[in-house]
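Colleague: Sequence and predicted structure are below.
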Amino acid sequence: MTQLCRAALLALAGPALATAVLAQAPASRSEPSRDSAAEFLPVPPNVKAEGLPPIPASIVQDLAPYASSRRALLLGWHPSRRQILVTTAFDGNTFQIHSVAGPGMDRQQMTFFPTGAGIAAGGVAAGNVGAWYSPDGSYVLFSKDATSGGEAMQLFRFDLATRKTTLLTDGKSRNGLPVWSHRSGLIAFESTRRGGHGGADRDLWVMDPTNPSSARLVSEVEGKWSVADWSPDDSELLVVNAPAENTRSSVWRVNVKSGQKTQVSPEGSPAVWRSPVFSPDGRYVYVLTNRDSETLRLWRGEPANGTWKPITAETDDLESFGLSPDGKNIAAVFDSTTSSRVELIDANTFKVRWAPKLPAGQLMGRSPLWRSDSSEVAFSLWSLRTFGDVFSVSARSGAVERWTKSEFGAFDPDSLPEPEIVRWKSFDGLTVSGILYRPPARFSGPRPVIITIHGGPGGPTSRERPRYLGRSAYLLNELGIALVFPNVRGSWGFGKAFGRLDDGMKREDSVKDIGALLDWIETQPALDKNRVMVNGVSYGGYMTYAVAEMYSARLRGALAAAGISDFITYLETTDPTRPEDRRAEYGDERVPEMRDFLKRISPITNASKLRIPLFIVHGANDTRVRPAQAEEMARIVRANGVPVWLTIYGDEGHEFWARAANNNFWFYTWITFIKQYLLN
């Protein structure tokens, strides 16, 4: 899965859009009487729905207090003014680009994309979309999917004077985030243009954004490469080659004129190398890596002589960093288990200059972003009390300022109990942990439980930490359901060894971690062992299928979204830039022994064991996990004589972040499923 945060999508809040209900019953269902038709929501025309009952229209208003939360996520700084770009959704539907002229000032909307075509909040959280001012501030570059979920990211120019948007790339290929040069006014980016949308190789390109026809191929490559930085004199690019981005990558210098590549990172045992940047004088390269360590650390290398030195301690797990433009300060973001910790470090002495006091929470999206004059650094924060807002820290004083304060709507998150970190022993003695959210104390007796398994399994956003749950607060506060978000083996943030415990033929060990969680639930008097559901997205969707098959007798139902049901066809048909990375995680299906294993553990092989109600959600344009996997799984499980709900969204891909109408309908149907099979 993408680094989609990826936190389970069900926890993401989108404003409720449905304020009126059409007086007709949903298609492909048993028809209610004409008098009662207005009591139900229609199935949107873009949704293929099978097996669903009528969805009560009252659910829209019931959910409204929990569906009004907004978020503001940082995109970039103005080159000369104290002003930032953020993405947020004021129309309740589409995330747009806004400017904010100072801390606490109003957001000024700049773009007005049609419904369902805006900058996706989830993508920003994962760091794969963004917006950037030009060096003179006359226009804004932004990255956006030009397809309906097909992840064909394109680059656009938005001219501030004319408000006109110009497509800069070819509209068909997959294009990476642009990186500005220091002197020449060019951008560099990676692109599959040579092979089109289905190309497996991400070549390196440069372009003058004021003249799209100036785009020039710098270097043809094989596999997955991404641009990270320019050398100070604009003669070279600093790029990352990541055949297996969560376990093995490397850093290279590429000559902009000749395309010649030279490896910068040292050879040795496999390690992750991320976010490299040049120092302003070009002498050093700073990079995030877990070389010779269980955790990610900040290292500094000298390409001229090949020497490398760690800056941060092995005991401190570094999430991300940002080097100030003047090279004097490093904004380092550390993982402090339940939240992120920010430090401003002197780049010469490596001593901490400031440890700003921020609200407990998790930093989102790309690395911390510095102003061009190096006076302050900004980032987005997500926490129990902040759904997504922008903060900055002064390099001179360490003072913290909050730029945005997004609305929670009618619901007060302070009314809910604090989440807890819970731990249990798995089948082999390994300690596994998760986050438990309890409903308010007014709900008496053992509470029903929903287990949400994150995507990933490995990756910087594939880990659960305490956070605001958005619409899922409805499940806590209105339905009295306890929510558990486990970090099964393979999750990021617990060291390299923990992350490899589910690789290859160890895949089902993570499924057994959920079995051990079910054992733990049985020991908790406040939780109802007889009313448990499981759900997950992407890899979490696979886990949901597998758990539902292995532990059907202990579950009430399951929801799998964008889930892998057949590992072999998944690896053979996924986006061609992904197989090498995924084979490092799941195993190589081209090897006969591994092929037999993957076939044996695939949910579609074991579908006859799934004996509980199943809800499958998928996007028709998903290029990672093809929708045929969902449809085939639904067909086979129906033969078990259990209820199967299937929804295929015709204008969605692997993620459901951008189109609030789709996200809303999904949540309405999910609540109906919960009420029918968990609570009744």
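Modeller: Here it is on my side, so go on.
Colleague: so where do the helices sit in this structure?
Modeller: 58-63, 121-126, 473-477, 496-499, 507-522, 539-550, 567-573, 579-586, 592-601, 627-638, 660-674 (DSSP state H).
Colleague: can you list the ones you listed in TSV and add mean pLDDT?
Modeller: Shown next, in TSV, are the helices of the chain (pLDDT from 0 to 100):
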stretch	mean pLDDT
helix 58-63	93
helix 121-126	43
helix 473-477	95
helix 496-499	89
helix 507-522	98
helix 539-550	97
helix 567-573	96
helix 579-586	88
helix 592-601	97
helix 627-638	97
helix 660-674	91
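Colleague: Which of those helices has the highest mean neighbour count?
Modeller: Comparing the helices of the chain by mean neighbour count (mean count of other C-beta atoms under 10 Å), helix 539-550 comes out on top with a mean of 29. Placement of C-beta: from N, CA and C, glycine included.
Colleague: From Lys506, how far off is Asp491?
Modeller: Quick fix: residue 491 is Ser, not Asp. As for Ser491, its distance to Lys506 is 14 Å (criterion: C-beta to C-beta, to the nearest Å).
Colleague: Just confirm Lys512 contacts Trp424, I think it does.
Modeller: No: with contacts defined as C-beta atoms under 8 Å, Lys512 does not count as touching Trp424, sitting 11.7 Å away.
Colleague: quick one: contacts for Asp335?
Modeller: Contacts for Asp335 (C-beta atoms under 8 Å, 6 or more residues apart in numbering) come out as Asp317, Leu318, Glu319, Arg341, Gly493.
Colleague: Next one: the nearest residue to Arg291 once chain neighbours are set aside from Leu518, what distance?
Modeller: Excluding the flanking residues, the one nearest Arg291 by C-beta to C-beta, 6 or more residues apart in numbering is Ala271, at 4.3 Å. Distance, Ala271 to Leu518, using C-beta to C-beta: 36 Å.
Colleague: any idea how far Arg554 is from the closest residue to Phe443 other than its chain neighbours?
Modeller: Once flanking residues are discounted, Phe443 sits nearest to Gly480: 3.5 Å by C-beta to C-beta, 6+ apart. Using C-beta to C-beta, one gets 20 Å for the distance from Gly480 to Arg554.
Colleague: cool, and Lys675?
Modeller: 20 Å.
Colleague: more crowded one of the two?
Modeller: Arg554 (19 against 13; other C-beta atoms under 10 Å).
Colleague: ok, now which ones touch the more buried one?
Modeller: Leu518, Lys529, Val532.
Colleague: Next one: it from Lys261, what distance?
Modeller: Taken as C-beta to C-beta, the span from Arg554 to Lys261 is 53 Å.
Colleague: again with Gly171
Modeller: 28 Å.
Colleague: More neighbours: those two, which one.
Modeller: Higher neighbour count among Gly171 and Lys261: Lys261, with 18 against 12, using other C-beta under 10 Å.
Colleague: Tell me what that one is bridged to.
Modeller: Val254 (DSSP bridges).
Colleague: Tell me, how many residues neighbour Ser339?
Modeller: By the criterion of other C-beta under 10 Å, Ser339 has 20 neighbours.
Colleague: who touches the residue lying closest to Arg507 once chain neighbours are set aside in this structure?
Modeller: Ranked by C-beta to C-beta, 6+ apart and with sequence neighbours excluded, the top spatial neighbour of Arg507 is Ile601, at 5.9 Å. Residues counted as contacts of Ile601 (C-beta under 8 Å, 6+ apart) are Arg507, Glu508, Ala546, Phe567.
Colleague: what do you get for Leu483?
Modeller: Contacts of Leu483 by C-beta under 8 Å, 6+ apart are Leu436, Tyr437, Val449, Ile450, Thr452, Leu469, Ser472, Leu475, Leu476.
Colleague: sorry, back to before: I'd like the helices of the chain laid out as CSV, including distance to Asp159.
Modeller: Conversion of those to CSV gives the following (distance: least, C-beta to C-beta, whole Å):
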stretch, distance to Asp159
helix 58-63, 39
helix 121-126, 22
helix 473-477, 41
helix 496-499, 45
helix 507-522, 49
helix 539-550, 41
helix 567-573, 40
helix 579-586, 37
helix 592-601, 50
helix 627-638, 38
helix 660-674, 28
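Colleague: For Ile453, see how far away Asp229 is.
Modeller: 36 Å.
Colleague: neighbour count winner among those two?
Modeller: The neighbour count for Asp229 versus Ile453, taken as other C-beta under 10 Å, is higher for Ile453 (34 against 22).
Colleague: beta partners of the more buried one?
Modeller: Ile453 forms beta bridges with Gly536, as assigned by DSSP bridges.
Colleague: Sketch out the low-pLDDT regions of this protein for me.
Modeller: For the chain, the stretches with pLDDT under 70 are 1-37, 90-93, 115-129, 148-149, 197-198, 458-462, 656-658.
Colleague: So for Ser491 and Lys506, which sits in the more crowded spot?
Modeller: Just comparing Ser491 and Lys506: by other C-beta under 10 Å the higher neighbour count belongs to Ser491, 26 against 13.
Colleague: The more buried one contacts Phe485, doesn't it?
Modeller: No: the criterion here is C-beta under 8 Å, and Ser491 misses it with Phe485 at 10.5 Å.
Colleague: Find residues that contact each of the two.
Modeller: In contact with both Ser491 and Phe485: His454, Glu464, using C-beta under 8 Å, 6+ apart.
Colleague: And the furthest pair within the contacts of Ile601?
Modeller: The largest distance within those, taken as C-beta to C-beta, falls between Glu508 and Phe567 and amounts to 11.7 Å.
Colleague: still on that earlier bit, among the contacts of Asp335, which are located in strands?
Modeller: Asp317, Leu318, Glu319, Arg341 (DSSP state E).
Colleague: How about the contacts made by the nearest residue to the second one once chain neighbours are set aside?
Modeller: Nearest residue to Leu318, sequence neighbours excluded (C-beta to C-beta, 6+ apart): Leu296, at 4.7 Å. Neighbouring residues of Leu296 by C-beta under 8 Å, 6+ apart: Val272, Arg274, Leu288, Thr289, Asn290, Asp317, Leu318, Glu319.
Colleague: So the third one sits against Leu298, correct?
Modeller: Okay, so that is Leu288. Yes: using C-beta under 8 Å, Leu288 makes contact with Leu298 at a distance of 6.2 Å.
Colleague: Overlap of the contact sets of those two?
Modeller: Leu318, Phe321.
Colleague: From Ser538, how far out is Gly456?
Modeller: Counting by C-beta to C-beta - Gly456 and Ser538 are separated by 8 Å.
Colleague: for Phe411, that is, sorry about that
Modeller: Distance, Phe411 to Ser538, using C-beta to C-beta: 28 Å.
Colleague: same question, Ala410
Modeller: Going from Ala410 to Ser538 by C-beta to C-beta gives 31 Å.
Colleague: Looking only at neighbour counts, state which of those two leads.
Modeller: Ranked by neighbour count (other C-beta under 10 Å), Ala410 and Ser538 place Ser538 first, with 29 against 10.
Colleague: my read: the more buried one touches Tyr570, true?
Modeller: No: with the criterion set as C-beta under 8 Å, Ser538 and Tyr570 do not qualify as a contacting pair; they are 10.8 Å apart.
Colleague: between these two, what contacts are shared?
Modeller: Joint contacts of Ser538 and Tyr570 (C-beta under 8 Å, 6+ apart) are Ile564, Val625.
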